[in-house]
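Asks: Structure for this input, please:
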Amino acid sequence: MSPLAADLPPFTADDYRARMDRAAAAAAGAGLAGVLVSPGPDLLHLTGYEPPPTERLTLLVLVPGRDPVLVVPALEAPDAAKATAGPLLTLRDWTDGRDPYALTAELLGAPGRFAVSDNTWALHLLGLGRARPDTGWTALTDALPMLRAVKDARELERLAAAGAAADAAYEEILTVRFAGRRETDLAADLAGLLRRFGHSRVDFTIVGSGPNGADPHHEAGDRVIRPGDTVVMDFGGLKDGYGSDTTRTVHVGEPTPAEQHVHDVVREAQQAGYEAVRPGAACQDVDRAAREIIEEAGYGDLFIHRTGHGIGVTTHEPPYIVEGEEQPLVPGMCFSVEPGIYLPGRFGVRIEDIVAVTEDGGRRLNTTDRAMAVVE
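Replies: The predicted structure follows:
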């Protein structure tokens, strides 16, 4: 059965128990008193619970050697209890008019430093600081950057299925007409195709034609695509809770030799980055391998971003494939390899695949042709 058609079973309470146990153990190993997790991708990954984003405090408290506790507003406690990990959590609910920070302070134990999820509201962190002035905080990404970076087999299945769906969308978009249509028209087509092939959420559909392709994060606009344009398409979102992200660069009609040359350089750089993926290599080694090709071709100053980013329950997360990141690669990590060259006022080229680290190298989760497709 193909990844696109795979029937993916839901995560179980045992899956979430293992994740919370690993997080608590990692905190202890880092000399931390525990982990505090607010609503967002970390809470979803650890518990399967995704509460509405409100000003009321919801906080998962993980302290090594103790059962996990979820501090939750009383009006949301029934939904929290229904979450997959709900039976594993001790719920401490609070009602409006009570001080949730005093309640949480009692759960933290002895003074120490806690890793706090990056998206925790300042309002809540300041409230906890008032309730526990003897306790310190550090950002979760700084303290435990690999918490969500290494995927298990069931997560890898979901990422492969998301990649296959994005590939199907790309293959389909090649059959439509580009010339004479606006960038926003193509972006809408891509969004519709991602949903058609199973995405529940579309996060981005970058379509940069002609000179707009030289802006890596160009928002699709009203520019009409013309014959002779190079077109960068970068698109992705969530399928079965896990992300897709792929980029291909196409040309409306036959490219000029100069355009083809730039594309060939980026394609070679992307291949070099992929071939550098192996257990034990540093994240920066992948960046260096791709960047070296582009620098040797004389375009080093025109490759203006990192080579890649991790992907999972969000489309951007650790590990980051960039100079200075010495974190070694281990099997189960998933990240993009996406070098690019951007010529201001002229055009841009980017090629991107999601790659999973295996026991002996890397596995592409995007498999569409990386050659420059010619479209009408």
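Asks: what's the spacing between the closest residue to Gly243 other than its chain neighbours and Leu108?
Replies: Excluding the flanking residues, the one nearest Gly243 by Cβ to Cβ, 6 or more residues apart in numbering is Thr315, at 4.1 Å. The way it works is simple: take the backbone N, C-alpha and C, and place the C-beta from them, glycine included. Relative to Leu108, Thr315 is positioned 33 Å away (Cβ to Cβ, to the nearest Å).
Asks: Please apply the same query to Ala149.
Replies: For Ala149 relative to Leu108 (Cβ to Cβ), the value is 26 Å.
Asks: Looking at these two, which is more packed in?
Replies: Taking other Cβ atoms under 10 Å, Ala149 and Leu108 do not tie; Ala149 has more neighbours (23 against 19).
Asks: Which residues are in contact with that one?
Replies: Contacts were defined as Cβ atoms under 8 Å, 6 or more residues apart in numbering; by that measure Ala149 touches 310, 312, 317-319, 333.
Asks: Same question for Pro111.
Replies: Contacts of Pro111 (Cβ under 8 Å, 6+ apart): 33, 132, 134-135.
Asks: Identify, from these, the entry nearest to Asp240.
Replies: Nearest to Asp240 among those, counting by Cβ to Cβ, is Ala33 at 34.6 Å.
Asks: what sits against that closest one?
Replies: By Cβ under 8 Å, 6+ apart, the residues touching Ala33 are 27, 63, 108-114, 135.
Asks: Which strand residues bridge Ala356?
Replies: With DSSP bridges applied, Ala356 shows beta-bridge pairing to Cys334, Arg363.
Asks: Count the neighbours of it for me.
Replies: 21.
Asks: Verify the contact between it and Arg363 for me.
Replies: Yes: judged on Cβ atoms under 8 Å, Ala356 makes contact with Arg363 at a distance of 4.8 Å.
Asks: Relative to Gly237, how far out is Leu128?
Replies: 34 Å.
Asks: Next, the residues that contact stretch 92-100 from outside, please.
Replies: With Cβ under 8 Å, 6+ apart as the criterion, stretch 92-100 contacts 56-57, 69-74, 77, 103-104, 107, 127, 131.
Asks: In helices, which of these appear?
Replies: 77, 103-104, 127, 131 (DSSP state H).
Asks: most neighbours, which of the residues you listed?
Replies: Of the ones in helices among the contacts of stretch 92-100, with other Cβ under 10 Å as the count, Thr104 tops at 22 neighbours.
Asks: wait, it sits on Leu57?
Replies: Yes: counting by Cβ under 8 Å, Leu57 is a contact partner of Thr104 at 7.2 Å.
Asks: circling back to that earlier point, secondary structure added to the contacts of Ala33, as CSV?
Replies: As requested, the contacts of Ala33 are exported to CSV (DSSP: H, G, I helix; E, B strand; the rest coil):
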residue, secondary structure
Ala27, helix
Val63, coil
Leu108, coil
Gly109, coil
Ala110, coil
Pro111, coil
Gly112, coil
Arg113, strand
Phe114, strand
Thr135, coil
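Asks: now, which of the residues you listed sits nearest Glu376?
Replies: Distances from Glu376 to those, taken by Cβ to Cβ, are shortest for Ala27, at 55.5 Å.
Asks: which SS class is the residue lying closest to that closest one once chain neighbours are set aside?
Replies: Nearest residue to Ala27, sequence neighbours excluded (Cβ to Cβ, 6+ apart): Val35, at 5.0 Å. At Val35 the chain is in strand, as set by three-state DSSP.
Asks: From Ala276, how far out is Val35?
Replies: 32 Å.
Asks: More neighbours: the two, which one.
Replies: Taking other Cβ under 10 Å, Val35 and Ala276 do not tie; Val35 has more neighbours (28 against 24).
Asks: hang on, isn't that one packed against Gly112?
Replies: No: here Val35 lies out of contact with Gly112, judged by Cβ under 8 Å, at a distance of 11.5 Å.
Asks: if we can go back for a sec, where does the residue nearest to Ala27 sit relative to Leu343, distance-wise?
Replies: 45 Å.
Asks: Glu352 - how many residues pack around it?
Replies: Glu352 sits with 24 neighbouring residues when counted by other Cβ under 10 Å.
Asks: what pLDDT does Met1 get?
Replies: We have a pLDDT of 37 for Met1.
Asks: residues in contact with the closest residue to Thr90 other than its chain neighbours?
Replies: Spatial nearest neighbour of Thr90, excluding adjacent residues (Cβ to Cβ, 6+ apart): Val69 at 4.6 Å. Residues near Val69 by Cβ under 8 Å, 6+ apart: 60-61, 89-92, 107.
Asks: is Val69 in a bridge, and if so with what?
Replies: Per DSSP bridges, the residues bridged to Val69 are Val61, Thr90.
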